[in-house]
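In: sharing a sequence plus its predicted fold:
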Amino acid sequence: MSPGAIELVLFAFVLLTALATAAFRDVLAAIIVFAAYSLGMAIYYAVLLAPDVAMTEAAIGAGVTTLLLLLTIAKTVRPGRDEIFESIHWSGLLVVGAFTTVILVTVTSFPEIGASDAPIVSNPEVSQYYIEEAYHDTGVENAVTAVLAGYRGFDTFGEAVVVFAAGVATMVVLHTEVFTRD
Amino acid sequence: MTPLVDVLTSRYAYVLFALLLGIGLYMIVSSQNLVKKVIGLNLFQTALFLFFIASAYLAGGQAPIVHHGGKEATYVSPLPQVIVLTAIVVGIAVTAVALALLVRIYAEYGTLEEDVLREVRSDD
């Protein structure tokens, strides 16, 4: 499938905001452009028929991540106000260019976007089971929610443990003494 | 259109994925500022999410809201979307811990620039 107008606009928007994030020397400018990038990415996920992922990306990527980054520079420094753009790091660019070229070469052997011979569509046994049986098994109309909270509920519990561990680690690192007596 | 351009436009989301991976990796490798390295890590991560979502996409399909059993229409696969949802939440946890470490590094050394930090550390 060749891209339509919405896809082309989003492609350009996401690519430009990503380049601007890398190029701006002022960290505050980079954070703001990165929030715009996350929003563009969320719209892209919605266009690719992933509404749950789009909402999560808009809330967490554009919202919480931006907030955490802003809090960090508020508590530390906001460097790079002297020059607008970063200077180019040539050896880094060379290595990353080689890496990107290798990935781009593999892209030509991927199936087309949305093609019906893509492996996930031509081998539908697993996906099709969840789509057909999710409502009968769990009573939830959204198959993504059914898998996340129903079939793979223990994995989601593990994910909650990861978030809890991250919260504990953050408090330990920042010496937040909420549990100690003085 | 030449065959190569044709091949790449029909796989446009994967091309974007490759370019964003490159930009994210460049930020991680080349940025002197540690906050920008963390932003690069997040950018790299969203590029991978795009790869998963694009691989689940089916032209003419519907979002996986199946109502009462999914026999009346074709839907995109819900499974890559579930793994991406999990990865987004784990990603924000990683970002939070990384930024907390940066706040401590700044409190200890008074800088977030990699080259300055290296000098200060070698003086210790």
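Out: Ah, there it is. If you're wondering where the values come from, they're calculated on a predicted model, not measured in any experiment.
In: just the C-alpha atoms of stretch B:116-124, please, in PDB.
Out: The C-alpha coordinates for stretch B:116-124 follow below in PDB (Å, rounded to 0.1, in the frame of the first residue of the first chain):
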ATOM      1  CA  VAL B 116      33.100  18.000  32.100                       C
ATOM      2  CA  LEU B 117      32.000  15.000  34.200                       C
ATOM      3  CA  ARG B 118      34.800  12.900  32.900                       C
ATOM      4  CA  GLU B 119      37.400  15.600  33.900                       C
ATOM      5  CA  VAL B 120      35.800  16.000  37.400                       C
ATOM      6  CA  ARG B 121      35.800  12.200  37.900                       C
ATOM      7  CA  SER B 122      39.500  11.900  36.800                       C
ATOM      8  CA  ASP B 123      40.500  14.600  39.300                       C
ATOM      9  CA  ASP B 124      38.900  12.600  42.200                       C
END
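In: mind listing what's buried in that stretch?
Out: Across stretch B:116-124, burial judged by 16 or more other CB atoms under 10 Å in any protein chain shown covers B:Leu117. Yep, even glycine has a C-beta here, placed from its N, CA and C like the rest.
In: look up how far A:Gly92 lies from B:Ser30.
Out: The gap separating B:Ser30 from A:Gly92 is 4 Å, by CB to CB, to the nearest Å.
In: my error: substitute B:Ile65 in the last question.
Out: Going from B:Ile65 to A:Gly92 by CB to CB gives 44 Å.
In: and what of B:Gln81?
Out: Distance of B:Gln81 to A:Gly92, computed by CB to CB: 33 Å.
In: shaky segments in chain A?
Out: Within chain A, the segments meeting pLDDT under 70 span A:1-2, A:80-81, A:176-182.
In: in terms of neighbours, single out the busier of B:Ser30 and A:Gly92.
Out: B:Ser30 (22 against 16; other CB atoms under 10 Å in any protein chain shown).
In: list of residues touching stretch A:160-167?
Out: Applying CB atoms under 8 Å, 6 or more residues apart in numbering or on different chains, the external contacts of stretch A:160-167 come out as B:89-90, B:93-94, B:96-97.
In: give me the spatial nearest neighbour of the most centrally placed residue in chain B, chain neighbours excluded.
Out: Most central in chain B under CA atoms, centre = their mean is B:Gln45, positioned 1.7 Å from the mean C-alpha point. Spatial nearest neighbour of B:Gln45, excluding adjacent residues (CB to CB, 6 or more residues apart in numbering or on different chains): B:Gly91 at 5.1 Å.
In: summarise which helices and strands the helix or strand of chain B with the lowest mean pLDDT is packed against.
Out: Ranked by mean pLDDT, DSSP states H and E, the helix or strand of chain B with the weakest confidence is helix B:3-9, at a mean of 78. Judged by 3 or more CB pairs under 8 Å, 6 or more residues apart in numbering or on different chains; DSSP states H and E, helix B:3-9 is in contact with no other helix or strand.
In: quick check: buried residues in that helix?
Out: Buried, per 16+ other CB under 10 Å, within helix B:3-9: B:7-9.
In: so what's B:Gly24 up against?
Out: Here B:Gly24 is in contact with A:18, B:40-45, B:47 (criterion: CB under 8 Å, 6+ apart).
In: run the last query once more with 7 Å
Out: By CB atoms under 7 Å, 6 or more residues apart in numbering or on different chains, B:Gly24 lies in contact with B:40, B:43-44, B:47.
In: which helix or strand contains it?
Out: helix B:12-30 (DSSP states H and E).
In: now A:Ser116
Out: Per DSSP H and E: A:Ser116 is located in neither a helix nor a strand.
In: can you check A:Gln128 too?
Out: Element membership for A:Gln128, per DSSP H and E: helix A:125-138.
In: report the separation between B:Ser55 and B:Thr46.
Out: 15 Å.
In: A helix includes A:Gly158, no?
Out: Yes - under DSSP: H, G, I helix; E, B strand; the rest coil, A:Gly158 falls within a helix.
In: count the neighbours of it for me.
Out: When neighbours are counted by other CB under 10 Å, A:Gly158 registers 12.
In: so what's the closest residue to A:Ala58 other than its chain neighbours up against?
Out: Leaving out its chain neighbours, the residue that sits closest to A:Ala58 by CB to CB, 6+ apart is A:Ala42, at 4.0 Å. With contact taken as CB under 7 Å, 6+ apart, A:Ala42 is in contact with A:54, A:57-58, A:61-62.
In: now with 8 Å, please.
Out: A:54-55, A:57-58, A:61-62.
In: the helices in the chain, which residues?
Out: No chain was given, so I picked chain A. A:5-23, A:27-47, A:51-56, A:65-75, A:90-107, A:119-122, A:125-138, A:143-145, A:153-173 (DSSP state H).
In: actually chain B
Out: According to DSSP H, chain B carries its helices in the segments B:3-9, B:12-30, B:34-56, B:79-109, B:114-123.
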